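Trainee: Would you be able to build a 3D model of this:
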Amino acid sequence: INGQLHRVSWGFSDVAQASITINVGDIVTWVWAEDGAAHDVRSGTPANPTNLFASPLQSSGTFSFQFNSAGTFPYYCQPHSGFMVATITVVAPSTAAPTT
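Mentor: A predicted model of the protein is given here:
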């Protein structure tokens, strides 16, 4: 599946923009905001991790994951799970236009 690439800035000040809607087959690349703290990206919720994807703990760089099925995929930063939580909503291509 050849999907569209979506970039999500991931850091303390970026959480409000970190929930997006994409199409099946699209790829999300999280880009660390370099806000002086180390972050990771983990699928699921702090109380219920799903282990679908997990990035290393890092203070800069990127992490990518391709979403090949429709659904709602919550994710979070483990060290900052009290407030760094967001959701990727994946829809069939004909259902809705993706947001960036």
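Trainee: Show me where the chain has its strands.
Mentor: 5-10, 20-23, 27-32, 42-45, 48-54, 62-66, 71-76, 85-91 (DSSP state E).
Trainee: Quick one: the ones you listed as TSV, columns for mean pLDDT too.
Mentor: Converted to TSV, those look like this (pLDDT from 0 to 100):
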stretch	mean pLDDT
strand 5-10	96
strand 20-23	96
strand 27-32	97
strand 42-45	98
strand 48-54	97
strand 62-66	98
strand 71-76	98
strand 85-91	98
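Trainee: Save those as CSV, and put in mean neighbour count too.
Mentor: All C-beta spots, glycine's among them, are computed from the backbone N, C-alpha and C. Formatted as CSV, the strands of the chain follow (neighbours: other CB atoms under 10 Å):
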stretch, mean neighbour count
strand 5-10, 18
strand 20-23, 20
strand 27-32, 20
strand 42-45, 17
strand 48-54, 13
strand 62-66, 16
strand 71-76, 19
strand 85-91, 18
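Trainee: Name the residues linked to residue 89 by a beta bridge.
Mentor: residue 21, residue 72 (DSSP bridges).
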